[in-house]
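Engineer: Quick check, what structure comes out for this input:
(chains A and B)
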Amino acid sequence: MSDFKSNNKVVNWVEERLPIFSMMQHSAIEYPTPRNLNYWWNFGSLAAVMLIIMILTGLFLAMNYSSHTSLAFDSVERIMRDVNYGWLLRYLHANGASMFFILVYIHIFRGLYYGSYKAPREILWFLGIAIFLAMMATGFMGYVLPWGQMSFWGATVITNLFSAFPVVGDFIVTLLWGGFSVDNPTLNRFFALHFLLPFVIVGLVGMHVWALHTVKSNNPLGIDMKGPQDSIPFHPYYTIKDLYGVSLFMMFYLAVVFWAPNFFGEPDNYIPANPMVTPPHIVPEWYYLPFYAILRAFTMDLWIIPAKLQGVLAMFAAILILFALPWLDSSKVRSAKFRPLYRQFFWLFLVDCLILGYVGGKPAEGILIKVGQFCTAYYFGHFLVILPLLARIEKPKPLPASISQPVIKAAALGLMILVGLAGFTGQAQASGGEGPALKKPDAGFSWEGVFGRYDRPTLKRGWQVFHDVCSACHSMKLVAYRNLADIGFTADEIKEIAAEKEVQDGPNDEGAMFMRPARASDRIVAPFANEKAAMAANGGALPPDLSLMNKARTNGPYYVYSLMLGYEDAAPEGHPIPEGKSFNHYFPGNAISMPMVVSDDIVTYADGTKATKEQISKDVVTFLNWAAEPELDARKGMGAKVMIFLAVLTALLYALKRQIWKDVH
Amino acid sequence: MADQAHNAQPSSVDGQTRRDFLLYATSAVGAVGTGIALWPFVHSMNPAADTLALSTTDVDISAIKPGQSVTVVWRGKPVFVRRRLPEEVAVAEQVNISELREPQKDSERAKKPEWLILIGVCTHLGCVPLGQKPADPKGEFGGWFCPCHGSHYDTSGRIRKGPAPANLPVPPYQFTSDTTVRIG
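Structural biologist: Here you go, the predicted structure:
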């Protein structure tokens, strides 16, 4: 460190007062790194990049977010609709959370496979677990902020975990809530903590890297570096390799952001929080599912410990047991490459975790309860029985003398990706609804697929259907008249459309409220003054707001399309329907308050298109999709450009990496 | 260290050129990409679509008597609407504009001489000048006086004395009827 010398006087002046240049030189450039690290070692730096992206996007989102229960949901939708590139920032952030966990889980399992938790890396490992715990807390509180149904009920369920503890449980829960239930004080403190914790993570990451640089990286062989021939300087070898990894990862991450931004989300979270109604199937975010399954695996009271407490303790223990891992696994050999038995049990453990994740995403019913219980037992058995036993009975293969001997490639790559994908599909299916297969328009919707865009004439017809028919009962509070410019209306047409309705304004100079014609800047005027009035006029049922309908239901566009066409004139045999309700094949429970509205020629299209009921349904669903995702065209357009750019950058980085590494291989 | 090992290779010259080219090309592409990626973050701090959509204000001027002023809000800022007396207009028109810090004729600043409409924010450092209420100090030139740093504006809202660099700006407006003005 002290041998740092520069020809630049300014650099030397700074260096004598703050040795920042020698520190960089020492820990980011010369830092001796094993020459045989494989691509599984990229995930640490990838996670660091992800942390930076999360803090940046989060910071700019916070500038537009309101952490009050009456404003939170709408402020998030304002970010999606009105803030410049707000949709991009939010989708980067929401999907970034999932990406962060994917990266960190791979990073953790890398450590498990190659024994990176063993001496002398125990503290490095502890700090990693601390980061993981802080991430879980941050992710949980972040998910509460949009204040949708899943936010609210997730917060309710998770905070109620603490009520399981005897004596202090209720005290802790009340303290978390700041009231008698999850409410405004809860949202406010979660926002404050959600803003703080990432910086705690930054501090922990700093210590994690510090510990790493003290004990140096583990490597796929799990043996120590024995001399200069085993190591290469971090720069340029691993800087370029990490950057190449970042570019590849960005392609994956941004593909999700631009083409499937709600893949990891739950439709229910596009419904504003309602403390009176729990959604039928609530699940936490996918990255908590294995632990959620463990929580639910305990169903029988034992002695003085009720099932609820067992579950909560087990869930916390499932993470805390990782702290004991360096001692539970006392085998002197680190890498699974030389541990034939451990290697097999490692994969079994990974599969066990994936099954737990799958079970956690499904309703706790039937065989899945037993599966969850078995996998929970195996999870703890792996740590408490299998690992200690293996250390005694396993005969490791002979270790190579040094790293610089030829190295075999990682064989497990393909399998690991396959298993991972299987896990995700399981999660995707977990949120799929039951009921009959949904209808689709013959020609599909124009906006589907990688290059699909909205069709303006369809949107205009859809607006006409909404305006002439739907808007008699349904509101669309998040869309303003000015937004209609997007679908091809001129400023004058928009003024005319807006002026059809009146809104309250005031107070005027006499202090009285008055009605005035709506303006382009007003939101689409609702048919009823408030929810109670809407219910009173509709037989006690509230016609839901349609702004987000296509995003707020599983397979939204197809669901709404099917619902429009799913009515029967009379209830079929054996499906009695209460008085005043209609039978619909696609509505949960079949009894829907909305009467059959869509029929041939219910509207006369301005553009002369024949108004069959299929045409009407397709048009209005297209319009509703635009209302829910007005950014879709811009999103896919930007996505295509970004992907082309990243392909070029990745190719360049790859070529440069080959060039730099060619003498090492 | 790596470079030394590298230079020992026979093909080092070719390899070095290729490597330099790749290094510069990749750095350039990466730098451009990072630069462009920053724009959405910066632009998100600009006014949002709903903020921009609220940028007109209608003012009912039927109740304003000669000599009176009202203050209305436009884009979050005070806008002064003053119904000037004939003598105030006359004073404003008689000024020799070549002596002004920002030379402007009164006729350039008021569409109808009777109505003067100004953004009520001092061009020095953003305080709201006094002069709207009857009891307010109006400065040495009978218009407005900014108490923060002592700028004096005349009956046309032009800077006459003090540190402010420019006249009080005139917002875009039009008379939509005899009794209403739309600002913005």
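Engineer: Spell out which residues of chain A are next to chain B.
Structural biologist: With CB under 8 Å from any CB of the partner chain as the criterion, chain A meets chain B at residues A:30, A:56-57, A:60, A:63-64, A:78, A:81-86, A:88-89, A:232-233, A:236-237, A:243, A:480, A:482, A:509, A:520-521, A:645-646, A:648-649, A:652-653, A:655-656, A:659-660, A:662-663. Placement of C-beta: from N, CA and C, glycine included.
Engineer: So which of those are in helices?
Structural biologist: Among these, DSSP state H puts A:56-57, A:60, A:78, A:81, A:86, A:88-89, A:236-237, A:243, A:645-646, A:648-649, A:652-653, A:655-656, A:659-660 in helices.
Engineer: The nearest residue to A:Ala314 once chain neighbours are set aside and chain B, how far apart?
Structural biologist: Once flanking residues are discounted, A:Ala314 sits nearest to A:Ile294: 5.3 Å by CB to CB, 6 or more residues apart in numbering or on different chains. A:Ile294 sits 39 Å away from chain B when distances are taken as CB to the nearest CB, to the nearest Å.
Engineer: and A:Ile294, how many neighbours does it have?
Structural biologist: 26 (other CB atoms under 10 Å in any protein chain shown).
Engineer: Could you identify the longest helix within chain B?
Structural biologist: What stands out as the longest helix in chain B, according to DSSP H, is helix B:12-43.
Engineer: Packing partners of the next helix-or-strand element following it?
Structural biologist: Proceeding N to C from helix B:12-43, the next assigned helix or strand is helix B:49-53, under DSSP states H and E. When contacts are defined as 3 or more CB pairs under 8 Å, 6 or more residues apart in numbering or on different chains; DSSP states H and E, helix B:49-53 packs onto helix A:72-81.
Engineer: Let's see the helix it packs on as PDB, backbone CA atoms only.
Structural biologist: Output in PDB follows, covering the C-alpha atoms of helix A:72-81 (Å, rounded to 0.1, in the frame of the first residue of the first chain):
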ATOM      1  CA  ALA A  72     -50.100   6.300  -2.300                       C
ATOM      2  CA  PHE A  73     -51.900   4.100  -4.900                       C
ATOM      3  CA  ASP A  74     -52.800   7.100  -7.100                       C
ATOM      4  CA  SER A  75     -49.300   8.600  -6.700                       C
ATOM      5  CA  VAL A  76     -47.800   5.300  -8.100                       C
ATOM      6  CA  GLU A  77     -50.300   5.400 -11.000                       C
ATOM      7  CA  ARG A  78     -49.300   9.100 -11.600                       C
ATOM      8  CA  ILE A  79     -45.700   7.900 -11.800                       C
ATOM      9  CA  MET A  80     -46.800   5.300 -14.400                       C
ATOM     10  CA  ARG A  81     -48.900   7.800 -16.400                       C
END
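Engineer: Which residue, neighbours along the chain excluded, lies closest to A:Phe190?
Structural biologist: A:Phe190's closest residue in space is A:Met141 (CB to CB, 6+ apart), at 4.2 Å.
Engineer: got it, and A:Val503?
Structural biologist: Closest to A:Val503 by CB to CB, 6+ apart is A:Ala518, at 4.9 Å.
Engineer: Tell me who's in contact with the one you found.
Structural biologist: Shown in contact with A:Ala518 (CB atoms under 8 Å, 6 or more residues apart in numbering or on different chains): A:481, A:498-503, A:525.
Engineer: Pull out the buried members of these.
Structural biologist: The neighbour-count test (16 or more other CB atoms under 10 Å in any protein chain shown) marks A:481, A:498, A:501, A:525 as buried among the contacts of A:Ala518.
Engineer: just these now: which is nearest B:Arg182?
Structural biologist: A:Ala498 (15.7 Å; CB to CB).
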